[in-house]
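Engineer: Pasting the sequence and the predicted coordinates here, then a few questions.
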Amino acid sequence: MAKTQTSHFLVIPFPVLGHVNPFMQFSHVVAKHGCKVTFLNTESSQKRANQAASASASASSDQTAARINFVTLPDGLDPEDERNDPLKFLFSIKTSMPPLLPKLIEEVNELDGGENKISCIVVSMNMGWALEVGQKMGIKGALLFPGSATTLACTDSMHRLIDEGIIDPQNGLPTKKQEIKLCPDMPSMDSSRLPWCTLPKPFFDHLLQEMQTLRLGSWWLCNTTHQLEPWAFSLSPKLLPIGPFIDQTTASFWQEDTDCLQWLDHHPPKSVIYISFGSLAVMDPTQFTELALGLDLLQKPFLWVVRPNNKGLVYPQEFKGCKGKIVGWAPQKKVLAHPTIACFISHCGWNSTMEGVYSGVPFLCWPFFTDQFQDKAYVCDVWKVGMGFEKDENGIITRGEIKKKVEELLADEGIRERSLKLKEMTLNNVDEGGQSSNNLNMFINWAKE
Ligand SMILES: O=c1ccn([C@@H]2O[C@H](COP(=O)(O)OP(=O)(O)O[C@H]3O[C@H](CO)[C@@H](O)[C@H](O)[C@H]3O)[C@@H](O)[C@H]2O)c(=O)[nH]1
């Protein structure tokens with residue numbers, strides 16, 4: 001009988017922060033369970049991570065980190081390319097990386113005298129090609145989806161929605177405005193809020209093909225819990241909730257402004273409004289002005305993340321911002337856990353949604369694209385831990401609306417109570433014996449069989 005070996009995961013996120021971050025968290029979680037992790041990043045994504053790590057004083061040297069080994073492959077684009085054309089980026093990766101992966105796997109397998117070979121490949125959305133490589137090499141595979149289980153179940157239902165005439169295969173858009181349900185207990189959703197409806201048609205075609213490839217994965221792991229979206233799990237037996245990922249020590253791969261934590265220390269409990277729209281959303285200049293002036297009108301302390309790559313945004317002349325702090329990138333998980341945070345104005349990317357939920361912070365939802373509208377619907381209508389903004393007749397969220405909604409939210413005891421209950425319920429999952437914790441243990445054991 002062979003001796004019990006440790007699971008060795010090769011994890012391959014799509015190189016955008018909303019994927020790389022949950023993959024890093026997953027890597028830390030499984031490394032804590034004694035597994036070995038080889039983390040494959042693209043060269044350009046790793047370069048940015050290295051810059052952030054060398055600027056940070058808190059580079060981790062613990063045993064968990066020691067079990068994570070970073071390797072890179074080129075993404076096929078020129079090093080000087082800004083990688084801001086998502087389609088070009090996606091197709092370059094899909095063409096350049098697959099032929100290089102087998103050799104890299106062989107090299108990794110030869111380390112440690114061939115004792116600890118890769119036992120499972122874990123990929124994110126868009127990286128399904130690596131499951132094909134793994135299958136040819138006899139290595140097991142799984143998907144780790146960085147969005148909600150509902151988003152994945154919707155994307156997996158694309159063919160069905162086409163067959164039922166709900167989606168037009170010519171353009172990927174709904175054939176008419178209607179409310180749909182993928183299964184009886186699912187809260188109904190507006191068909192125009194399906195995750196790909198805000199994306200250009202080539203993404204729809206890509207997703208149709210990608211979902212077929214991702215079926216090679218034996219499990220579809222999600223950073224969620226069963227109670228948050230129970231209906232989703234009846235849609236595919238592969239879906240396995242293992243979240244929330246709560247490790248605050250995992251660096252976010254981009255350089256963080258940690259001074260804001262001391263700034264928060266100087267405020268009373270539940271007094272600061274935190275505003276962040278994740279790593280991709282770009283705000284329209286008019287809307288930016290309204291947000292800045294709305295924060296002034298509120299006269300409350302705020303911590304606002306304005307990414308330096310949000311080019312072309314200019315603060316309005318009359319903006320004072322005297323009660324606030326603006327940073328380029330915050331240590332968000334620590335910020336949300338800080339007792340001075342009163343509410344979270346969020347774009348509702350899934351990682352931010354989970355971080356807000358397990359920190360018990362009420363939301364003001366400001367979705368931009370893809371899954372963010374559906375995540376907002378869960379926050380506001382299903383879990384009832386937040387509110388949305390109304391646009392005016394010109395499609396703008398005005399400064400007056402921002403002031404009104406923040407004040408309404410902060411006065412709403414029901415929302416605050418539900419947020420704290422949801423936090424407790426969500427966190428119970430990752431305690432020993434909790435459902436997500438049991439699922440993760442099962443997955444780790446499966447991966448080493
Ligand atoms: O100042 C900041 C702002 C954000 N974050 C972190 O960045 C991540 C952002 O992830 P997410 O909230 O999911 O937003 P995006 O970066 O926009 O993520 C993309 O990927 C997600 C997962 O697929 C999708 O849900 C989103 O719609 C998509 O935009 C989170 O972990 C945050 O903690 C920081 O560390 N510092």
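Structural biologist: Looks like it came in fine. Numbering: from 1, shown residues only.
Engineer: can you list the residues of the protein near the ligand?
Structural biologist: Among all residues of the chain, those adjacent to the ligand (criterion: Cβ under 6 Å from any ligand atom) are 17-18, 21, 146-147, 252, 276, 278-281, 305, 329-330, 332-333, 349-352, 355, 370-372. Placement of C-beta: from N, CA and C, glycine included.
Engineer: In strands, which of those fall?
Structural biologist: Secondary structure from DSSP state E places Ser276, Val305 of those in strands.
Engineer: In helices, which of the residues of the chain next to the ligand appear?
Structural biologist: Residues of the residues of the chain next to the ligand located in helices (DSSP state H): Leu17, Gly18, Asn21, Gln332, Lys333, Trp350, Asn351, Ser352, Glu355, Gln372.
Engineer: Report the two of those residues separated the most.
Structural biologist: Across those, the longest distance by Cβ to Cβ is 19.0 Å; it joins Lys333 and Gln372.
Engineer: what about the two, which has more around it?
Structural biologist: Using other Cβ atoms under 10 Å, the more surrounded residue of Lys333 and Gln372 is Gln372, with 27 against 23.
Engineer: now the end-to-end length of stretch 275-282.
Structural biologist: Using Cα to Cα, to the nearest Å, the span of stretch 275-282 from its first residue to its last is 14 Å.
Engineer: Not counting its own residues, what contacts it?
Structural biologist: 16-18, 254, 283, 291, 295, 302-305, 307, 310, 330, 332, 344-347, 349, 351-352, 366, 368-369 (Cβ atoms under 8 Å, 6 or more residues apart in numbering).
Engineer: in that stretch, what's buried?
Structural biologist: Ile275, Ser276, Phe277, Gly278, Ser279, Leu280, Ala281 (16 or more other Cβ atoms under 10 Å).
Engineer: next one: stretch 198-212
Structural biologist: For stretch 198-212, burial by neighbour count (16+ other Cβ under 10 Å) applies to Thr198, Leu199, Phe203, Phe204, His206, Leu207, Leu208, Glu210, Met211.
Engineer: Next, give phi and psi for the fifth one.
Structural biologist: Same thing as His206. With angles defined as degrees, to the nearest 10, His206 sits at phi -60, psi -40.
Engineer: hang on, isn't it packed against Phe89?
Structural biologist: No: counting by Cβ atoms under 8 Å, His206 does not reach Phe89; the two are 11.9 Å apart.
Engineer: after the lowest-mean-pLDDT helix or strand in the chain, next one along is what?
Structural biologist: Least confident helix or strand, the chain: helix 63-66 with a mean of 76, by mean pLDDT, DSSP states H and E. Using DSSP states H and E, the helix or strand that directly follows helix 63-66 along the chain is strand 68-73.
Engineer: and that next one, average pLDDT?
Structural biologist: Mean per-residue pLDDT for strand 68-73: 96.
Engineer: quick revisit: can you pick out the most distant pair from the buried residues of stretch 275-282?
Structural biologist: Ile275 and Leu280 (15.7 Å).
Engineer: contacting residues for the nearest residue to Ser96 once chain neighbours are set aside?
Structural biologist: For Ser96, ignoring the flanking residues on the chain, the nearest one in space by Cβ to Cβ, 6 or more residues apart in numbering is Gly76 at 2.9 Å. With contacts defined as Cβ under 8 Å, 6+ apart, Gly76 is in contact with Ser92, Ile93, Thr95, Ser96, Met97.
Engineer: Quick one, which of those are buried?
Structural biologist: By 16+ other Cβ under 10 Å, the contacts of Gly76 give Ser92, Ile93, Met97 as buried.
Engineer: for the residue nearest the centre of the chain, what are its contacts?
Structural biologist: The centre of the chain sits closest to Asn351, judged by Cα atoms, centre = their mean, with a distance of 3.5 Å. Residues in contact with Asn351, defined by Cβ under 8 Å, 6+ apart, are Gly18, Asn21, Pro22, Pro146, Asn223, Gly278.
Engineer: Which pLDDT value goes with the second one?
Structural biologist: Okay, so that is Asn21. In this model, Asn21 is scored at 93, pLDDT.
Engineer: isn't Val385 right next to Lys423, touching?
Structural biologist: No: the criterion here is Cβ under 8 Å, and Val385 misses it with Lys423 at 9.1 Å.
Engineer: got any residues that touch both of the two?
Structural biologist: Residues within reach of Val385 and of Lys423 at once, by Cβ under 8 Å, 6+ apart, are Val357.
Engineer: out of these two, which sits in the busier spot?
Structural biologist: Val385 (25 against 18).
Engineer: which element is the residue nearest to that one when sequence neighbours are not counted on?
Structural biologist: Among residues not flanking Val385 along the chain, Ser419 sits closest, at 4.5 Å (Cβ to Cβ, 6+ apart). In this structure, Ser419 sits in helix 413-428 according to DSSP H and E.
Engineer: From the contact counts, what lies against that helix?
Structural biologist: Judged by 3 or more Cβ pairs under 8 Å, 6 or more residues apart in numbering; DSSP states H and E, helix 413-428 is in contact with helix 350-359.
Engineer: let's see it at 10 Å
Structural biologist: Helices and strands touching helix 413-428, by 3 or more Cβ pairs under 10 Å, 6 or more residues apart in numbering; DSSP states H and E, are strand 341-346, helix 350-359, strand 386-388, helix 399-411, helix 435-448.
Engineer: Show me how far the second one is from its chain's centre.
Structural biologist: What it means is helix 350-359. Centre-to-centre, helix 350-359 and its host chain are 9 Å apart (Cα atoms, centre = their mean, to the nearest Å).
Engineer: got it, and the last one?
Structural biologist: A distance of 21 Å separates the centroid of the chain from that of helix 435-448, by Cα atoms, centre = their mean.
Engineer: Going by contacts, tell me the helices and strands next to that helix.
Structural biologist: strand 8-12, helix 17-32, strand 120-123, strand 140-145, strand 219-222, strand 239-241, helix 413-428.
Engineer: Go ahead and produce PDB holding the CA coordinates of that helix.
Structural biologist: Output of helix 435-448 as PDB, limited to C-alpha atoms (Å, rounded to 0.1, in the frame of the first residue of the first chain):
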ATOM      1  CA  GLN A 435     -20.600  22.600   6.300                       C
ATOM      2  CA  SER A 436     -18.100  24.400   4.200                       C
ATOM      3  CA  SER A 437     -15.300  23.100   6.400                       C
ATOM      4  CA  ASN A 438     -16.500  19.500   5.900                       C
ATOM      5  CA  ASN A 439     -16.800  20.100   2.100                       C
ATOM      6  CA  LEU A 440     -13.300  21.300   2.000                       C
ATOM      7  CA  ASN A 441     -12.000  18.300   3.900                       C
ATOM      8  CA  MET A 442     -13.800  16.000   1.600                       C
ATOM      9  CA  PHE A 443     -12.400  17.700  -1.400                       C
ATOM     10  CA  ILE A 444      -8.800  17.600  -0.100                       C
ATOM     11  CA  ASN A 445      -9.100  13.900   0.600                       C
ATOM     12  CA  TRP A 446     -10.600  13.300  -2.800                       C
ATOM     13  CA  ALA A 447      -7.700  15.100  -4.400                       C
ATOM     14  CA  LYS A 448      -5.100  12.800  -2.900                       C
END
